[in-house]
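Visitor: The sequence and its predicted three-dimensional model are supplied below.
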Amino acid sequence: MAGYAVVTNRLIKAMKIDAVLNEHKKDKIRNLTILDIGSGVGEIALFFAVKNNVYAVDVENQLSQKAIESNVNFKLVTSEQLPFPDMNRLI
């Protein structure tokens, strides 16, 4: 696979996701564990990683250098099976 990740307006999309989540949650989106499935270049994961523990998964590692150097925990996946034992019991 070669570079198919959308990179346009990722920060705007992250801010919209944050606004929707904050509207429906009493507490702010902070100090949570978040899973970003299909992370692409990692901009949305990077946005949330500032105040949260973020795990990102994708079928190809297309993370930007900024995301690589951040505290985003990236895992490469090759199937629908997530590489997190606890996640399997939530599904």
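Guide: Cool, got the structure.
Visitor: burial measure for the nearest residue to K51 once chain neighbours are set aside, as a count.
Guide: Excluding the flanking residues, the one nearest K51 by Cβ to Cβ, 6 or more residues apart in numbering is R30, at 4.5 Å. Every C-beta, even on glycine, is put in place using the N, C-alpha and C of the backbone. Neighbouring residues of R30 were enumerated by other Cβ atoms under 10 Å; the total is 9.
Visitor: For the protein, which segments are assigned as helices?
Guide: 10-24, 43-49, 65-68, 85-90 (DSSP state H).
Visitor: In CSV, list the ones you listed along with mean pLDDT.
Guide: What follows is these, written out as CSV (pLDDT from 0 to 100):
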stretch, mean pLDDT
helix 10-24, 91
helix 43-49, 95
helix 65-68, 90
helix 85-90, 58
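Visitor: Just name the most buried of these.
Guide: Burial of the helices of the chain is given as mean neighbour count (mean count of other Cβ atoms under 10 Å); helix 43-49 ranks first at a mean of 23.
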